[in-house]
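Asker: got a sequence here, can you model it:
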Amino acid sequence: MQHFMRHVALKFNHIMAPAWISTLMGLGAVVSVSAQPVTPPTASPHEAIFMNKSADREAWLLERAKKEGGLTLYTSLSPTESAPLMAEFEKKYGIKVTVWRGLSDGVVQRVVNETRAKRNVVDVVETNGPEMEMLAREKVLSEFHSPHIADLPQGMIPKHRMWMPDRVNFFVVAFNTQKLKREDLPKHYEGFTEPKWKGRIAIESTDAEWMGGLVNALGEQRGMTFFKKLAEQKPDVRKGHILLAQMVAAGETDVGLTIYNANAQSLKQRGAPIDWAPIEPTLARPQGVGVARLAAHPHAAALFADFILSPDAQALLNSMGRPPANQKVKSNLNNFNYVLTEPGIVVDEAEKWNQHWTRLFLSK
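Answerer: As a prediction, this is how the structure comes out:
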């Protein structure tokens, strides 16, 4: 990635996060996940497969994956992007992929509930970094090797190495191009507290994570002052990042402050009147891929993880507007300054920032 990357200076806050977990799981069963750092689980029975570092790894995995007959993937990636990826994998290797798709909270709930019921259905999980971290803490993932790990941003790789970054979500500002020009936007988020933006901005209802990242990047006093002033602007609050991007494209709001650039880029590439800009400080959150510790199809799982991290698959993601993680793939979707959030800390501090977020934006 051609950019300057820095970590948010966050302090670990080891607390249970029942409020965040309840919010995450919505109306489904609540899954309690420890906020303590990940401790190594019992070794996976497939460790020798997942950690194979031989020169003929791909051929070795493929020969055995064909005997397994396929694999099952749980992901929050949109079908418009996951379908072409699965088609490319199946074309390259002849291995069938069964996909279950849900929102990231649904992915966590399904994996954890199945694991606790000793139903080892899922082979590979691909979703948001914080949710991958939750699954690592539940000890349902396994450390794995891939020849492409060296090409990933090392600062995005968790120390326990139970999942790897495969794409990146950037919180950016999206705007309707029929109502605004790029030069009309402020250079910094604090500019949106000016009176002229009142009634013209919208945010996503679950983005307490964005608030925590910005406050930690700006400092407590400056950051909280910004959010208090932003709340006074009474931004339109909508649930769903895709919905928020669609609102901007439809002209229902002039500007979305917490848009995933992949969503805006996807609409832009389809001809919608929307564009986006990385306004300082721009937060980046890694998305991840991991293999299930008790995968029913371990060779196929490892082969798929290698594939999704490969330059070919990463270039395909990039072509569909999804910022790639593999640094061998040059992209305009990540070529700017950003602040990297750490998924483990997002989980640890979730309750704190949800309380602030609810008080300022959801309780009025």
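Asker: what segments of the stretch 151-300 of the chain are strands?
Answerer: Under the criterion DSSP state E, counting those that start in this stretch, the stretch 151-300 of the chain contains strands at 164-176, 201-204, 236-238, 255-260, 274-277, 283-292.
Asker: same question for the stretch 1-150 of the chain.
Answerer: 5-7, 71-75, 97-101, 124-128, 141-142.
Asker: output the strands of the stretch 151-300 of the chain in TSV; the columns should cover mean neighbour count.
Answerer: In short, each C-beta sits where N, CA and C put it, glycine included. Shown next, in TSV, are the strands of the stretch 151-300 of the chain (neighbours: other CB atoms under 10 Å):
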stretch	mean neighbour count
strand 164-176	25
strand 201-204	22
strand 236-238	16
strand 255-260	26
strand 274-277	23
strand 283-292	27
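Asker: if we can go back for a sec, out of the strands of the stretch 1-150 of the chain, deepest packed?
Answerer: Among the strands of the stretch 1-150 of the chain, ranked by average contacts under mean count of other CB atoms under 10 Å, first place goes to strand 141-142 (a mean of 28).
Asker: how about residue 328, what does it touch?
Answerer: Each residue near residue 328 by CB atoms under 8 Å, 6 or more residues apart in numbering is listed here: 151, 311, 314.
Asker: quick one, what contacts the nearest residue to residue 325 once chain neighbours are set aside?
Answerer: Sequence neighbours aside, residue 165 is the residue nearest to residue 325 in space, at 4.3 Å (criterion: CB to CB, 6 or more residues apart in numbering). Neighbouring residues of residue 165 by CB under 8 Å, 6+ apart: 129, 152, 153, 156, 157, 286, 287, 288, 325.
Asker: before we move on, the earlier item: which one of the strands of the stretch 151-300 of the chain lies closest to residue 75?
Answerer: Nearest to residue 75, of all the strands of the stretch 151-300 of the chain, is strand 283-292, at 8.7 Å by CB to CB.
Asker: tell me which other helices or strands the closest one touches.
Answerer: With contacts taken as 3 or more CB pairs under 8 Å, 6 or more residues apart in numbering; DSSP states H and E, strand 283-292 sits against strand 124-128, helix 129-137, strand 141-142, strand 164-176, helix 208-218, helix 298-309, strand 338-340, helix 343-348.
Asker: mean confidence score for that strand?
Answerer: For strand 283-292, mean pLDDT is 96.
Asker: pairing partners for that strand, with directions?
Answerer: strand 124-128 (antiparallel), strand 141-142 (antiparallel), strand 164-176 (antiparallel), strand 338-340 (parallel) (DSSP bridges).
Asker: mean pLDDT lowest for which of the ones you listed?
Answerer: Mean pLDDT per stretch puts strand 338-340 lowest among the strands paired with strand 283-292, at a mean of 92.
Asker: show me what counts as buried in stretch 304-316.
Answerer: The neighbour-count check on stretch 304-316 (16 or more other CB atoms under 10 Å) flags 304, 305, 306, 307, 308, 309, 310, 313, 314, 315, 316 as buried.
Asker: repeat for stretch 135-144
Answerer: 135, 136, 137, 138, 139, 140, 141, 142, 143, 144.
Asker: dump these into CSV; add distance to residue 342 as well.
Answerer: Converted to CSV, the buried residues of stretch 135-144 look like this (distance: CB to CB, whole Å):
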residue, distance to residue 342
135, 16
136, 13
137, 14
138, 18
139, 20
140, 20
141, 17
142, 21
143, 18
144, 20
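Asker: what's the closest of these to residue 199?
Answerer: residue 135 (40.7 Å).
Asker: what's the nearest residue to the closest one if we skip its chain neighbours?
Answerer: Nearest one to residue 135, counting by CB to CB, 6+ apart, is residue 141 at 5.4 Å.
Asker: and for residue 84?
Answerer: That would be residue 316: by CB to CB, 6+ apart, it lies 6.4 Å from residue 84.
Asker: between the helix or strand that neighbour falls within and helix 298-309, how many degrees?
Answerer: Taking DSSP states H and E as the definition, residue 316 sits inside helix 311-319. Angle, helix 311-319 to helix 298-309, by axes from the mean of the first three to the mean of the last three CA atoms, to 10 degrees: 50 degrees.
Asker: for the longest helix anywhere in the chain, what is the distance to the chain centroid?
Answerer: When the chain is parsed with DSSP state H, its longest helix is helix 79-93. Distance of helix 79-93 from the chain centroid (CA atoms, centre = their mean, to the nearest Å) equals 19 Å.
Asker: sorry, back to before: closest one of the contacts of residue 165 to residue 255?
Answerer: Among those, residue 287 lies closest to residue 255 (CB to CB), at 24.5 Å.
Asker: just for the protein, where's the confidence low?
Answerer: Scanning the chain for pLDDT under 70 picks out 1-42, 364.
Asker: closest one to residue 67 among the strands paired with strand 283-292?
Answerer: Of the strands paired with strand 283-292, nearest to residue 67 by CB to CB is strand 124-128, at 17.7 Å.
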